[in-house]
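**Student:** dropping a prediction and its sequence here:
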Amino acid sequence: MVWKEVEPMEEKIRFVLKATREEVSFKDLCGEFGISRKTGYKWLRRYQGSGLEGMNDVSRRPIVSPNRIAAEMEERIIGERHRHRKWGPKKLYQRLKDKGVRCVPSESTIGNVLKRNGLVCKKKRRRKVTQPDRGNKTEATRPNEVWAADYKGWFRTQDGERCDPLTISDLYSRYVLDCRIVSGQKIETTQPAFRQVFIRYGLPEVIRVDNGPPFGSRGICGFTRLSAWWVQMGIRVEFIEPGHPEQNGVHERMHRTLKEETARPPSATLSAQQRRFDRWRYEFNNERPHEALGMQKPAQRYRCSFRHYRKSSQRILYPEHYKVRMVKTFGAIKWKNKLYYVSESLHGMALGLNCVSDDRVEVYFADTLLGYLVERETGGLAPLSPAPAKDRYT
């Protein structure tokens, strides 16, 4: 059976024509067309008043809107917005009040004016990811248990060159492992500096850093390619809480001494400044008594790590029942013929997948739970809190 398509306009015309002929009762006619008598009378009045043109749909917008903002007020809001391009409805509302404007529209109305005139850009919502575990910090009880790394605030030498000192220290002994000028706070220049330190002193158990580049990011668990490289070598990364440098207080106190003794005033050139850093580091480690160490020198308490650096990539071991997947160039893994985005920072890293139910899979990077992979969904991982640490390195 072929179903006939019915156009609403045709039905309206058929209804009013039958209604004017009065062949059946109005109630029965409305029932035949499946409409209420109120709707039927409305259509009939429109036909009698305007003919077939009256059958067209009419806007429900009221003819008079007493709460509508005046054109002059809208122009004034737009003008204030152009003078203060970064101000939102709240600030513009207060600005108009401060200028003595009577009957200032509400903040929501001002917001609607900005949207209507294309003066507001909708913010792109960030994808939710698992945040770094910023819980209890490891207390250093022996050399190489906890290292701290940071960039001391940059400054310019007397010839105008920018100086970015990278500093690395052992928190137990206060021993400054490195203080070198690096060309920009970038992963490409920071990683070789750490590689040289690892070759000379070995590997720590933990590295404590802040959340900014090149150490941390706003991506999954705060990882960058640099911090992911540390994890791959069996080093645990501890991120301090944003805005709390006191959580890395020992390292920050060293920065204060470094600034006072080497950068006031700065040297003439970068090479001269580096020589100054080298002399200061030797004195700090080998000659300067530290009250926190019972007036010992850092070199008296520091010993190189027994964990040696290996040039070949360290393999991460996962339990036998885990499925291992490599992160592709664009930051995704493949599972059951579907792609799930994780992070471009983990490119080339091996992840462990643990099936916890029929459609939910835990995704681990070494000891860190990155989130859940939900098989009935595509896109990214469902974020979750990090899992407890376990020893999975070889």
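**Tutor:** All right, it came through fine.
**Student:** care to break the chain down by domain?
**Tutor:** Using automatic domain parsing, the domain parsing of the chain gives 8-55, 72-116, 146-301, 323-380.
**Student:** want to throw those into TSV with mean neighbour count?
**Tutor:** C-beta coordinates here come from the backbone N, C-alpha and C atoms, glycine included. Below are the domains of the chain laid out as TSV (neighbours: other CB atoms under 10 Å):
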stretch	mean neighbour count
domain 8-55	14
domain 72-116	15
domain 146-301	17
domain 323-380	17
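**Student:** in TSV, list the ones you listed along with mean pLDDT.
**Tutor:** Shown next, in TSV, are the domains of the chain (pLDDT from 0 to 100):
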stretch	mean pLDDT
domain 8-55	82
domain 72-116	89
domain 146-301	94
domain 323-380	87
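**Student:** export those to TSV and tack on distance to R310?
**Tutor:** Formatted as TSV, these follow (distance: least, CB to CB, whole Å):
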stretch	distance to R310
domain 8-55	76
domain 72-116	51
domain 146-301	8
domain 323-380	16
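**Student:** of the ones you listed, which approaches S312 most closely?
**Tutor:** domain 146-301 (10.5 Å; CB to CB).
**Student:** coming back round to it: so which of the domains of the chain is nearest V129?
**Tutor:** domain 146-301 (4.3 Å).
**Student:** first-to-last residue distance for the closest one?
**Tutor:** This stretch, domain 146-301, spans 14 Å end to end (CA to CA, to the nearest Å).
**Student:** next one: that domain to chain centre, how far?
**Tutor:** Centroid separation for domain 146-301 versus its chain: 25 Å, with CA atoms, centre = their mean, to the nearest Å.
**Student:** my read: M254 touches S173, true?
**Tutor:** No: if you go by CB atoms under 8 Å, M254 and S173 don't touch, sitting 11.8 Å apart.
**Student:** my guess is S267 meets Q273, correct?
**Tutor:** Yes: between S267 and Q273 a contact is recorded at 4.0 Å, counting by CB under 8 Å.
**Student:** any common contacting residues for the two?
**Tutor:** Shared contacts of S267 and Q273 (CB atoms under 8 Å, 6 or more residues apart in numbering): T157.
**Student:** got the buried residues for stretch 129-141?
**Tutor:** 129-130, 132-134, 137, 140 (16 or more other CB atoms under 10 Å).
**Student:** CA-only coordinates of it in CSV, if you can.
**Tutor:** Provided in CSV are the C-alpha atoms of stretch 129-141 (Å, rounded to 0.1, in the frame of the first residue of the first chain):
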residue,chain,number,x,y,z
VAL,A,129,41.1,14.6,31.0
THR,A,130,42.5,12.9,34.0
GLN,A,131,44.4,15.4,36.2
PRO,A,132,47.8,14.7,37.7
ASP,A,133,48.0,13.2,41.1
ARG,A,134,49.1,16.2,43.3
GLY,A,135,48.7,14.4,46.6
ASN,A,136,51.3,13.8,49.3
LYS,A,137,54.9,14.6,48.2
THR,A,138,57.7,12.1,48.7
GLU,A,139,60.0,13.1,51.6
ALA,A,140,63.6,12.6,50.6
THR,A,141,65.4,10.3,53.0
